[in-house]
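Peer 1: Any chance you could fold what I've pasted below:
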Amino acid sequence: MILIINIIFTIILNDKIDEINKLTLSAEKSFLNKNYSKSISNYRTLIDSLDYSNEKIFLNLAHSYLLSNDTLNAIENYNLASLTDNNNIKSIALQQLGNINERNNKLKEALNFYKESIIADNKNDDSKFNYELVKKRLEKENNQDQKKNEKDNKDNSKENQKNNQSENKKEDKDGKEDKKNQNQEEKNENNKSENDQRKSKDESVEEKLKKINMSKKKAEMILNALNNNEFQYIQQLKRKPSKKSDKTKPDW
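Peer 2: The predicted structure is shown next:
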């Protein structure tokens, strides 16, 4: 009975091995023929249906996904392929992850993957080349960023200086305006004071006129009369001869 079970188990195992080998060869052939969709299908059958996988299958499956423009599944399987003691396959998987990040302009991440790839396999010249290339790109970008920051700081400084000058001009203008308003207020205050003094003087004159029982109108008439008399007197002075008469001569 045990013998029969062993024979059956051996037959099943052999059939599974044959199926694995068949699918593996088919997947590799499809990949070489650039039939990536069929290659993916065969590798997925090996993993999902036959429960068979290794770092090489994950690596080849990742290549197939990448060439089919399925980047997310490619990244997942490159990560699985990198979890191995096979330094050659590990280095290639990490290199591919670096390539994907570089393509997406994630240069710092790419640099780290290339570094890990070189550590895994120091003979991986492609990773070494890519590492130096990305390193130079990062240095160039850092220099550009630094120059840009310096330019922005310089522009900001100029803008701040311009704003300060504008603010100072505004303050000077406001100061002049305030001074003008202050002068106007002082002038108005002086005019008001003069008017008040004049009014007070007029009121004082009226009070004095009241004391002597004289109206303001009558006082003005008297003042006008006095002014007229003074004017006539001045005219008479002007008509008098400037030279003294000679009494030794006749009057005619």
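Peer 1: Kindly tell me how buried residue 32 is, as a neighbour count.
Peer 2: For residue 32, the neighbour count with other C-beta atoms under 10 Å is 9. In short, each C-beta sits where N, CA and C put it, glycine included.
Peer 1: which ones are touching it?
Peer 2: If you count contacts by C-beta atoms under 8 Å, 6 or more residues apart in numbering, residue 32 has none.
Peer 1: ok, residue 127 - contacts?
Peer 2: 91, 94-95, 98, 114, 117-118, 121.
Peer 1: meant to ask about residue 124, not that
Peer 2: Residue 124 neighbours (C-beta under 8 Å, 6+ apart): 91-92, 95, 117-118.
Peer 1: Tabulate the contacts of residue 127 (a markdown table), appending distance to residue 41 and secondary structure.
Peer 2: As requested, the contacts of residue 127 are exported to a markdown table (distance: C-beta to C-beta, whole Å; DSSP: H, G, I helix; E, B strand; the rest coil):
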| residue | distance to residue 41 | secondary structure |
| --- | --- | --- |
| 91 | 28 | helix |
| 94 | 26 | helix |
| 95 | 26 | helix |
| 98 | 28 | helix |
| 114 | 32 | helix |
| 117 | 29 | helix |
| 118 | 34 | helix |
| 121 | 30 | coil |
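Peer 1: so where's this structure uncertain?
Peer 2: 1-15, 168, 171-172, 174-176, 193-219, 222-223, 225-252 (pLDDT under 70).
Peer 1: hmm, try it at 50
Peer 2: 3-6, 8-9, 13, 242-252 (pLDDT under 50).
Peer 1: in it, which helix has the most residues?
Peer 2: For the chain, the longest helix by residue count, based on DSSP state H, is helix 125-211.
Peer 1: Sort out which residues of stretch 29-44 are buried, please.
Peer 2: Within stretch 29-44, the residues that count as buried by 16 or more other C-beta atoms under 10 Å are 30-31, 35-36, 39-43.
Peer 1: For those, work out which two are farthest apart.
Peer 2: 35 and 43 (12.4 Å; C-beta to C-beta).
Peer 1: that older thread, so among the contacts of residue 127, which ones count as buried?
Peer 2: Applying 16+ other C-beta under 10 Å to the contacts of residue 127 flags 91, 94-95, 98, 114, 117-118, 121 as buried.
Peer 1: And the furthest pair within these?
Peer 2: Longest span within the buried ones among the contacts of residue 127, C-beta to C-beta: 98 and 121, 13.1 Å.
Peer 1: rewinding a little: now render the contacts of residue 127 as CSV, adding distance to residue 20.
Peer 2: Listed next are those as CSV, based on distance: C-beta to C-beta, whole Å:
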residue, distance to residue 20
91, 26
94, 27
95, 28
98, 31
114, 34
117, 29
118, 33
121, 27
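Peer 1: from those, which single one is nearest residue 63?
Peer 2: Closest approach to residue 63 among the contacts of residue 127 (C-beta to C-beta): residue 95, at 11.9 Å.
Peer 1: Hmm, that closest one is touching residue 114, no?
Peer 2: Yes: Residue 95 is in contact with residue 114 according to C-beta atoms under 8 Å; the separation is 6.7 Å.
Peer 1: Please identify every residue contacting each of the two.
Peer 2: With C-beta under 8 Å, 6+ apart, residue 95 and residue 114 have common neighbours 127, 130.
Peer 1: Show me the contact partners of stretch 58-72.
Peer 2: With contacts defined as C-beta under 8 Å, 6+ apart, stretch 58-72 is touched by 27-28, 31, 34, 36-37, 39-40, 43-44, 47, 73-78, 80-81, 89, 92-93, 96, 100.
Peer 1: about what we covered before: most widely separated two among the contacts of residue 124?
Peer 2: Maximum distance among those (C-beta to C-beta): 11.9 Å, for 92 and 118.
Peer 1: Residue 26 in helix, strand or coil?
Peer 2: Residue 26 falls in the helix class when you classify it by DSSP: H, G, I helix; E, B strand; the rest coil.
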